[in-house]
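Colleague: What would the 3D arrangement of this be:
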Amino acid sequence: MSLPLKPVNVLVCGIGEYTTGYTPGITNVSDKSLGVVGLALMDMRTRDKVDWIGMVGTTGTKHEGIRNHIKNGLGKYVGLDTTVELFPKDDVVRDYEAYKGVMNNMKKGGAVIIFTPDDTHFEIALYAIQKGLHVLLTKPAVKTLKEHRTLVDEAKKTNVHVQIEFHKRWDPIYADAREKCRDLGDFSWFNSYMSQPKYQLQTFKSWAGKSSDISYYLNSHHIDYHTWQVQGIAKPIKVAASASTGIATQEEHGCVEGTEDTITLMVWFKNIKSGTLGTALYTSSWTAAKGDVHTQQYFRYVGHKGDVFIDQAHRGYQLTTDEKGLFSSNPLYLRYQPDSKGRYVGQNGYGQKSIESFIDAVREIQSGERTPAEFLGDLPTIQDTAVVTAILEAGRKSLDLGGAVVEIEAYE
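Modeller: Residues are numbered from 1 along each chain as shown. Next up, the predicted model:
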């Protein structure tokens, strides 16, 4: 017999742009200046899905700026409680393990959401899982299959739900296209492109090219989406990667030598029933010119019986203002514009839905209504997304080997 659903206590690891919208010392011209995670959780608190919200970074001396940013930005929404507890203490200059102290004081069954640099995901997620906490990880989950398998094993031991925040699965157009593509017979060809403007490197330069690359950061989106499309139809078998360089390392952008501007992964797929081959090209860049959208993104899928093309960046909605000029808007991701009464009404955006699906899952598990195992095949769990890590890791190996073909390691 299940218990009533109760609100969840949530700790967010990472207090940067995607969580709060705060980017100290940088004039934020991205499409997420109000953040995503914090706003979504605050809204869920108004609907009794979330109770306590904690946020932990590494530098307490940033907290005054974060509080002011939240107050000035999210304070505009009528009826939205923006209260959060920040860690470490305000006078702490640097504490890379501040998250451990907070998790030590959380009860088993609580929730942890991780939006930190790619190379920190594994250590933070592992600690949370071993504490019996449910975890939502931003993409990419981790950087190697070894790390991925470890998280799968530990999640099974502690019986917790671990989900990856692949929000494109909640885009209504992408979700519809996924099912239509699965009716087009064997897989033949896929091509995706995703880029962000080079000024974004001011936000990323502390880790870009050092601990991760643009393929892990952006290609992960369409790799997950495409492998989800062909789930049970085709499997990846090998990868060859190529990169462009010369922009990110310029003095004005400040990235370390060797940082790639654009990365393309070419992946061979084998159709399971027929044995025929398909090809996928995943390209991502963080050195694009400023355009009418913050993130350019599109894909074409070709099956044996037809094809599908989606331009996710342009949804037929353009605005022109004296301040910004011409730009394309995508409120399907997250609607920041309040309604006529000043209330936040972005609940149906796929940027929030992916986070809310995790909170809903945790509440159902806490009540005894469902078990973590019952979300396999339903949500992008750590168990169901190893293929993404396998492709990304093979792509990185290929780049390091000068573009050599790399066999994809068994991931199932």
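
Colleague: can you give me the strands for the stretch 151-300 of the chain?
Modeller: With strands called from DSSP state E, counting those that start in this stretch, the stretch 151-300 of the chain shows them at 162-164, 187-197, 234-244, 262-271, 277-288, 296-303.

Colleague: The fifth one pairs with which strands, and in what direction?
Modeller: What it means is strand 277-288. Sheet neighbours of strand 277-288, with direction, are listed as strand 187-197 (parallel), strand 262-271 (antiparallel) (DSSP bridges).

Colleague: Spatially nearest residue to Pro7 (excluding sequence neighbours)?
Modeller: Nearest non-adjacent residue to Pro7, counting by CB to CB, 6 or more residues apart in numbering: Asp51, 3.9 Å away. Any C-beta I mention is one placed from the backbone N, CA and C, and that applies to glycine too.

Colleague: Contacts for the helix or strand of the chain with the lowest mean pLDDT next, please.
Modeller: Here the helix or strand of the chain ranked lowest by mean pLDDT, DSSP states H and E is helix 201-204, holding a mean of 80. For helix 201-204, contacts defined as CB atoms under 8 Å, 6 or more residues apart in numbering pick out 16-17, 23, 26, 30, 208, 217, 248, 253-255, 286-287.

Colleague: Format the strands of the stretch 151-300 of the chain as CSV; extra columns: mean pLDDT.
Modeller: Formatted as CSV, the strands of the stretch 151-300 of the chain follow (pLDDT from 0 to 100):
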stretch, mean pLDDT
strand 162-164, 98
strand 187-197, 96
strand 234-244, 98
strand 262-271, 98
strand 277-288, 95
strand 296-303, 96
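
Colleague: And those strands: which comes nearest Asn105?
Modeller: Asn105 sits nearest to strand 162-164 of all the strands of the stretch 151-300 of the chain, at 20.9 Å, using CB to CB.

Colleague: Show me what the closest one is packed against.
Modeller: strand 134-137, helix 145-158, helix 350-367 (3 or more CB pairs under 8 Å, 6 or more residues apart in numbering; DSSP states H and E).

Colleague: Who are the packing partners of the helix or strand in which the residue nearest to Pro7 is found?
Modeller: Per DSSP states H and E: Asp51 is located in strand 50-56. With contacts taken as 3+ CB pairs under 8 Å, 6+ apart, strand 50-56 sits against strand 8-13, helix 37-46, strand 85-87, helix 98-104.

Colleague: if we compare those, which one ends up closest to Asp153?
Modeller: Closest approach to Asp153 among these (CB to CB): helix 98-104, 19.4 Å.

Colleague: hmm, back to that, next up, the contacts around the residue nearest to Pro7.
Modeller: Counting by CB under 8 Å, 6+ apart, Asp51 has contacts Lys6, Pro7, Val8, Asn9, Arg45.

Colleague: before we move on, the earlier item: columns distance to Ser328 and mean neighbour count on top of the strands paired with strand 277-288, output as JSON lines?
Modeller: Output for the strands paired with strand 277-288, formatted as JSON lines (distance: least, CB to CB, whole Å; neighbours: other CB atoms under 10 Å):
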{"stretch": "strand 187-197", "distance to Ser328": "14", "mean neighbour count": "22"}
{"stretch": "strand 262-271", "distance to Ser328": "22", "mean neighbour count": "21"}
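
Colleague: now the strand holding Asp51 and helix 37-46, what's the angle there?
Modeller: Here strand 50-56 runs at an angle of 160 degrees relative to helix 37-46 (axes from the mean of the first three to the mean of the last three CA atoms, to 10 degrees).

Colleague: List the buried residues for strand 50-56?
Modeller: Within strand 50-56, the residues scored as buried using 16 or more other CB atoms under 10 Å are Val50, Trp52, Ile53, Gly54, Met55, Val56.

Colleague: Having no further points to raise, I will conclude here.
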